[in-house]
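return a 3D structure for these sequence lines:
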Amino acid sequence: MSFRTRRVLFITPFYMLFEFYLLKYIFLLFGGLNDTYLLILTVLIGLLHCGPMFFETKKSTSLGRFLSTVNGVWMWASVMFFIDIVIIYVIGLFVELPLEIIVLMLAIVPLLGIYNFHNAHKLIVNEKTINIGNLSQDINIVHLSDVHFGSVRHKEIIFKIADKLKELEGSCDLAIISGDLVDGSCVVNEDDFSYFKEVGMPIVFTPGNHDFYIGIDNVINACKNAGIIVLDNEQMEFKNLGIFGLTYSIRDKNMPNMDHVVLNPDLTNIIIYHVPYFWEEFSALGFDIQLSGHTHGGQFYPVVNFSNLLFKYNMGLFRNDLGKYLHVTTGVGSMDTPMRWGTDSELVILKLRKS
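Predicted coordinates:
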C-alpha cells in the first residue's frame, strides 16, 4: 500500500466528520436536514474521497479521473463553505442576517470556484533574470516543478507543458523539472510522458517526494522512455553549467550528505532540490543557483497566507549575501484539488546573464 493511500485512508474518517458537521450547519441555515440523510450524504462523500484511488493505482480510467476531479473540487469548496459559515456565524452574533444575504454569501463559493478551476488550468510563462559573476555565456533555462500528473491532472497537462516548451525552443536552451512530476494518485505507464519526445530542447528531471508514492522505478522508466534526462543524485554538464540533481523523499529531514559532490569552480553550478530547504548550506558549498518547488505557493487563498508563514521561501526568486540565488516556482499542476487563486500554474524562464 502506497504512502498516499495510507495517508488518504487515515484522514478520511476525520474528513467525513468535518463534512457531516459542515453540511449539518449549512442545512440548518435553511431549516435543517434529518441526520440519517446527512449521514448517507457524508458516507457518499467519504467514498468519493477514497474510492477512486483503489482503481486508479491499478488502471487509470476516465471515470476514475472524473470522480477524482469532482472530489478535488468539492474539497476546495468545503474549505470555502467553512470560511463562509464562520463569517456568517460571527456576523450573526451581532445582527440577524436576512436569508437572501446568507444565500448570496454562499453563492460566492461556486462563482469563485469557476475562476479557481480556470486559473489552475491556464499555463503562464514568467521571466526572471539572474546575474552571475562567473557565467561565461548567456543561457536561458525553463524551470518548472510539481506537474502532479495523476488522476486529477492526467495526460492533458503533459500535452500542455510539451506544447509550451516547443513554443520556447527558439529562446530557451534547457528545461528543468524540480520534482513531483507525478502525484501518486494513479498508475504511471511507460508511455505516459512520450509526448515530451517532440520537445527539441533537453529536459532534466530530479525526483521529489510524490514521485516515490506510486513507485519511483515506474516514474524513471516513463521519463527515460520520453527522452527525459533523470538526475537521481547525479551530476551533468551542459554548456557552461554544472547541474546536480539531489533527489528528495518524504523521509529526508536533515541536510543531505554532500561529501561526494565535487563542483567545478569554472562552471555556474546549479542544484535541483525539490524543497526550498538548506539554501544557505548549498550556497556555502559553492552552488550558485538552487531550483526548488514543493510549496505551490500555497496554491489558493487563504492557504497562500499560511504557506508564507510555513515556508521561509514560499515562492519567487531570492538572492543572499553571497550573491547566490534560490528560485521557488509555484508549480505547474495542482495537488488533490485542481484550484488556484493567488498563484499561477507557471513555467519560468530564468535568464542567466553575466553580471
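
that's a helix at residue 321, yeah?
No. Secondary structure assignment (DSSP: H, G, I helix; E, B strand; the rest coil) places residue 321 in coil, not in a helix.

can you give me the pLDDT of it?
Among the per-residue scores, residue 321 holds a pLDDT of 92.

what about it, how many neighbours?
Neighbour count for residue 321, taken as other C-beta atoms under 10 Å: 7. In this view, the C-beta of every residue, glycine as well, is placed from N, C-alpha and C.

can you pull out the helices in the stretch 51-200 of the chain?
With helices called from DSSP state H, counting those that start in this stretch, the stretch 51-200 of the chain shows them at 62-92, 99-120, 155-167.

which one of those lies nearest to residue 12?
Distance to residue 12, taken as C-beta to C-beta, is lowest for helix 62-92 among the helices of the stretch 51-200 of the chain, at 11.0 Å.

okay, and the residue nearest to residue 43 when sequence neighbours are not counted sits in which element?
By the measure of C-beta to C-beta, 6 or more residues apart in numbering, the closest residue to residue 43 outside its immediate chain neighbours is residue 16, 7.3 Å from it. Here residue 16 is covered by helix 3-28, with elements defined by DSSP states H and E.

now do residue 46
Element membership for residue 46 (DSSP H and E) is helix 35-56.

just the C-alphas of that helix, formatted as PDB.
As requested, C-alpha coordinates have been extracted for helix 35-56 and formatted as PDB (Å, rounded to 0.1, in the frame of the first residue of the first chain):
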ATOM      1  CA  ASP A  35     -29.400  13.200  10.500                       C
ATOM      2  CA  THR A  36     -29.900   9.900   8.600                       C
ATOM      3  CA  TYR A  37     -29.800  11.700   5.300                       C
ATOM      4  CA  LEU A  38     -26.800  13.700   6.400                       C
ATOM      5  CA  LEU A  39     -25.000  10.500   7.400                       C
ATOM      6  CA  ILE A  40     -25.800   8.900   4.000                       C
ATOM      7  CA  LEU A  41     -24.600  12.100   2.200                       C
ATOM      8  CA  THR A  42     -21.400  12.100   4.300                       C
ATOM      9  CA  VAL A  43     -20.700   8.400   3.600                       C
ATOM     10  CA  LEU A  44     -21.000   9.100  -0.200                       C
ATOM     11  CA  ILE A  45     -18.600  12.000   0.100                       C
ATOM     12  CA  GLY A  46     -16.200   9.700   2.000                       C
ATOM     13  CA  LEU A  47     -16.400   7.100  -0.700                       C
ATOM     14  CA  LEU A  48     -15.800   9.800  -3.300                       C
ATOM     15  CA  HIS A  49     -12.700  10.800  -1.400                       C
ATOM     16  CA  CYS A  50     -11.000   7.500  -1.100                       C
ATOM     17  CA  GLY A  51     -12.800   5.100  -3.600                       C
ATOM     18  CA  PRO A  52     -11.300   6.100  -6.900                       C
ATOM     19  CA  MET A  53      -7.700   5.600  -5.800                       C
ATOM     20  CA  PHE A  54      -8.200   1.900  -5.400                       C
ATOM     21  CA  PHE A  55      -8.900   1.600  -9.100                       C
ATOM     22  CA  GLU A  56      -6.600   4.400 -10.300                       C
END
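
what angle sits between that helix and helix 62-92?
Taking axes from the mean of the first three to the mean of the last three C-alpha atoms, to 10 degrees, one finds that helix 35-56 is oriented at 140 degrees with respect to helix 62-92.

next one: helix 35-56 to chain centre, how far?
Distance of helix 35-56 from the chain centroid (C-alpha atoms, centre = their mean, to the nearest Å) equals 25 Å.

any buried residues in that helix, and which?
Using 16 or more other C-beta atoms under 10 Å as the test for burial, helix 35-56 gives 38, 41, 42, 45, 46, 49, 50, 51, 52, 53, 55, 56.

same for the helix holding residue 16, what does it pack against?
Helices and strands touching helix 3-28, by 3 or more C-beta pairs under 8 Å, 6 or more residues apart in numbering; DSSP states H and E, are helix 35-56, helix 62-92.

average pLDDT for that helix?
90.

buried set for it?
When neighbours are counted by 16+ other C-beta under 10 Å, the buried residues of helix 3-28 are found to be 3-5, 8, 12, 15-16, 18-20, 22-23, 25-26.

in space, not sequence, find me the middle residue of the protein.
If you average the C-alpha coordinates of the chain and look for the closest C-alpha using C-alpha atoms, centre = their mean, you land on residue 146, 3.9 Å from that point.
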